[in-house]
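>>> Quick check, what structure comes out for this input:
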Amino acid sequence: MSKVIGIDLGTTNSCVAVLEADTPTVITNSEGYRTTPSVVAFSKDGTRLVGDIAKRQAAVNADRTIFSIKRQMGTDYRKKIDGKNYSPQEISAMILRKLKNDAQSFIGEEVTDAVITVPAYFNDAERQATKDAGRIAGLNVLRIINEPTAAALAYGLDNGQPQKILVYDLGGGTFDVSVIEIGDNVIEVLATSGDNHLGGDDFDDRIVNELIEQFKSSDGINLSKDPAAMQRLREEAEKAKKELSSAQNANINLPFIAMAKDGPRHMDISITRQQFERMTYDLIDRTVLPVENALHDAGLSKSEINMVLLVGGSTRIPAVQEKVRNLMGMEPSRSLNPDECVAMGAAVQGGKLGGQLIPGSAASEIILMDVTPLSLSIETVGGIASRLIERNTTIPTRHSQIFTTAGNFQTSVDIKVFQGERKFTRDNKLLGNFRLSGIKKALAGTPQIEVTFDIDANGIVNVSAKDLGTGHEQSITITSSSNMSEEEIERAKWEAEVYSRQDESREELVNMRLEAEQLLRQTEARLHEHRKDWDKATRKQLKEDCARLSKAIGRTTPEKIDTVQAGDIREAKEHLENTIRRLGI
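Numbers count the residues shown, from 1 in each chain. The predicted structure is shown next:
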């Protein structure tokens, strides 16, 4: 079997590694660098350029150069070049193809298998899209694993003593935090959280905006309307950001950045580290809540964390390190190269899956246990999200639950699958839906429908539904056509906190209405059953009370019920219950 490579498919830069004699080795690309810019371009003659060469020509070919495509994974985004629409999967596949070719040149043999990493907070569609990109690139993706988990795997090779670590991963486009326990040959993810729209790109944007404003003020020219100028600004902003990690001042010098009526204009602006920290303090503050959420979900306090591991190039920013230091009350570890450790961990996992580890070695004995980042549910009556799998559940996992029909004589049910933390499906993300047909006709509440969620080791979701009465079964594998935007992912958890009380209050109204419907059905069924046994007065009273409750229920739907309508239903329901108790039936 050929060697399995580990790939960190990054927003800004990507890295590939392979296991050699049980040691992960970073592969140098054809340009002689250990990381490859995640940049794709199309020259004027249609030639595809990937990596350093694509990045170098960006300023003169801005509209045909693609950066940070990772932020679009799992979405409907398309980049139109020469009349063809390229999907994020196709663009990413071009990057993966280069990494694959560089690996083949390094190893000296064909490479077909790979382990690819994704942000821990990537949803199902984004994971599937990443796997599809690998397939387009000619790779058999053996496993999709979370970036912080891969970093912990690389760290755990040399630090196998029992400990609890927090992986703080701030990359080019995403932020992840994972709480991980390293035990006896087991690396277990306890909880994960993050922000899929926070990374080094956002820090660069702040510098770019500052440069635009200063130049507009000094020269009266708005550079934001010039694509070529904007590309030059982005390149200089990234350089300045890196320079400010080791120096107190960075100079941005861009000759001929614009043309005015009186001739060319040049930019010569200095930015201090203090200015940079003022521009970006709110971005750094956005990492605090995910850290606190991950610790809460893991059931640990900050004092129980033994080590904080910094991952991702943006953790080199001094203000980021200071925030982590103050937040966790300890000096973070910088024992691993933040740009390379994720690919190294992926290579270790690849070696394990490919059977290339030396039997009995420390790496060969390690068991990796990851989690799913967001809860999975199906929609039940009233738009309630009935969870089958909670967030931070260890994967692979499988869970089943019995549901029933909401209406009389239903012969089919629609199964809608959602991802997110809110009580109502309208506030979560629809992943997919399918219909289970062939249900035996029966009164509402009689059929038994078993719904099963199955999440594999890649975090890919499969859902099936089976009518236990007839044996009819239907299933769906959630695909990347169901997309969740970065903003929706970002909101999924914190909105659950903000709106939890509102959600719980509304859930009570919907549940009360459902209970009233159930009471009405049961009473009407008993009326029919005892139509010859009960006296005329009893039947008349029950029919009147049932009619009153039915009228109150009919004034609204579970989706639109308000407190006034709920009050009418509650009053009619209680009146019927009192009548039943008084009559002793």
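>>> For the rest of this, base every contact and every neighbour count on C-alpha atoms.
Fine.
>>> Report the helix or strand with the lowest average pLDDT across the chain.
helix 486-498 (a mean of 40; mean pLDDT, DSSP states H and E).
>>> Wait, a helix at Gly445?
No. Gly445 sits outside any helix when classified using DSSP: H, G, I helix; E, B strand; the rest coil, being coil.
>>> Count the residues that sit near it.
Neighbour count of Gly445, defined by other C-alpha atoms under 10 Å: 14.
>>> hang on, it packs against Ile402?
No. The criterion here is C-alpha atoms under 8 Å, and Gly445 misses it with Ile402 at 11.1 Å.
>>> Determine the longest strand present in the protein.
strand 249-260 (DSSP state E).
>>> Point out where the stretch 351-500 of the chain drops to low pLDDT.
357-365, 476-500 (pLDDT under 70).
>>> Report the secondary structure state of the most centrally placed residue in the chain.
Centroid-nearest residue in the chain, with C-alpha atoms, centre = their mean: Phe122, separated by 2.6 Å. Look at Phe122: counting by three-state DSSP, its state is coil.
>>> quick one: contacts for it?
Asn196, Pro373 (C-alpha atoms under 8 Å, 6 or more residues apart in numbering).
>>> separation between it and Asn13?
18 Å (C-alpha to C-alpha, to the nearest Å).
>>> re earlier: how confident was the prediction at the residue nearest to the centre of the chain?
pLDDT for Phe122: 86.
>>> Ramachandran coordinates for it?
When quoted as degrees, to the nearest 10, the phi and psi of Phe122 stand at phi -60, psi 140.
>>> One more: Asp262?
phi -90, psi 10.
>>> Now the one helix or strand Asn85 maps to: buried residues?
Per DSSP states H and E: Asn85 is located in strand 84-86. Neighbour counts over strand 84-86 (16 or more other C-alpha atoms under 10 Å) mark no residue as buried.
>>> next one: stretch 537-553
Buried, per 16+ other C-alpha under 10 Å, within stretch 537-553: Arg539, Leu542, Lys543, Asp545, Cys546, Arg548, Leu549, Ser550, Ala552, Ile553.
>>> quick one: which of those is nearest Thr25?
Proximity of the buried residues of stretch 537-553 to Thr25 (C-alpha to C-alpha) peaks at Ile553, which lies at 66.7 Å.
>>> Figure out the helix or strand that the residue lying closest to that closest one once chain neighbours are set aside lives in.
Leaving out its chain neighbours, the residue that sits closest to Ile553 by C-alpha to C-alpha, 6 or more residues apart in numbering is Ile569, at 6.0 Å. Ile569 belongs to helix 563-583 when elements are defined using DSSP H and E.
>>> Quick one: list the elements packing against that helix.
Counting contacts by 3 or more C-alpha pairs under 8 Å, 6 or more residues apart in numbering; DSSP states H and E, helix 563-583 is packed against helix 500-529, helix 536-554.
>>> For the shortest one, C-alpha coordinates in PDB please.
When you say that, I think you mean helix 536-554. C-alpha atoms of helix 536-554 as PDB (Å, rounded to 0.1, in the frame of the first residue of the first chain):
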ATOM      1  CA  LYS A 536     -77.500  11.500  27.600                       C
ATOM      2  CA  ALA A 537     -76.500  14.300  30.000                       C
ATOM      3  CA  THR A 538     -72.900  13.000  30.300                       C
ATOM      4  CA  ARG A 539     -72.600  12.700  26.500                       C
ATOM      5  CA  LYS A 540     -74.000  16.200  26.000                       C
ATOM      6  CA  GLN A 541     -71.600  17.800  28.500                       C
ATOM      7  CA  LEU A 542     -68.600  16.100  27.000                       C
ATOM      8  CA  LYS A 543     -69.600  17.000  23.500                       C
ATOM      9  CA  GLU A 544     -70.000  20.700  24.400                       C
ATOM     10  CA  ASP A 545     -66.600  20.800  26.200                       C
ATOM     11  CA  CYS A 546     -64.900  19.000  23.300                       C
ATOM     12  CA  ALA A 547     -66.500  21.500  20.800                       C
ATOM     13  CA  ARG A 548     -65.200  24.400  22.900                       C
ATOM     14  CA  LEU A 549     -61.600  22.900  23.000                       C
ATOM     15  CA  SER A 550     -61.700  22.100  19.300                       C
ATOM     16  CA  LYS A 551     -62.700  25.600  18.500                       C
ATOM     17  CA  ALA A 552     -59.900  27.100  20.600                       C
ATOM     18  CA  ILE A 553     -57.300  24.800  19.000                       C
ATOM     19  CA  GLY A 554     -58.600  25.600  15.500                       C
END
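>>> what's it packed up against?
helix 500-529, helix 563-583.
>>> Mind doing that once more with 6 Å?
Judged by 3 or more C-alpha pairs under 6 Å, 6 or more residues apart in numbering; DSSP states H and E, the packing partners of helix 536-554 are helix 563-583.
>>> For the buried residues of stretch 537-553, give me a markdown table that also has pLDDT and distance to His472.
As requested, those are exported to a markdown table (pLDDT from 0 to 100; distance: C-alpha to C-alpha, whole Å):
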| residue | pLDDT | distance to His472 |
| --- | --- | --- |
| Arg539 | 89 | 40 |
| Leu542 | 91 | 39 |
| Lys543 | 92 | 38 |
| Asp545 | 92 | 39 |
| Cys546 | 93 | 36 |
| Arg548 | 93 | 39 |
| Leu549 | 92 | 36 |
| Ser550 | 91 | 33 |
| Ala552 | 91 | 36 |
| Ile553 | 89 | 33 |
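>>> Residue ranges in this structure under the pLDDT threshold?
Applying pLDDT under 70 to the chain flags the ranges 1, 45-46, 157-160, 357-365, 476-508, 510-511, 558-560.
>>> What's the separation between Thr411 and Lys466?
On the measure of C-alpha to C-alpha, Thr411 and Lys466 end up 13 Å apart.
>>> Name the residue in those two with the higher neighbour count.
Ranked by neighbour count (other C-alpha under 10 Å), Thr411 and Lys466 place Lys466 first, with 20 against 15.
>>> ok, now which ones touch the more buried one?
Each residue near Lys466 by C-alpha atoms under 6 Å, 6 or more residues apart in numbering is listed here: Ile449, Glu450, His472, Glu473.
>>> Export the helices and strands packed on helix 563-583 to TSV and append columns for distance to Pro227.
Output for the helices and strands packed on helix 563-583, formatted as TSV (distance: least, C-alpha to C-alpha, whole Å):
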stretch	distance to Pro227
helix 500-529	44
helix 536-554	58
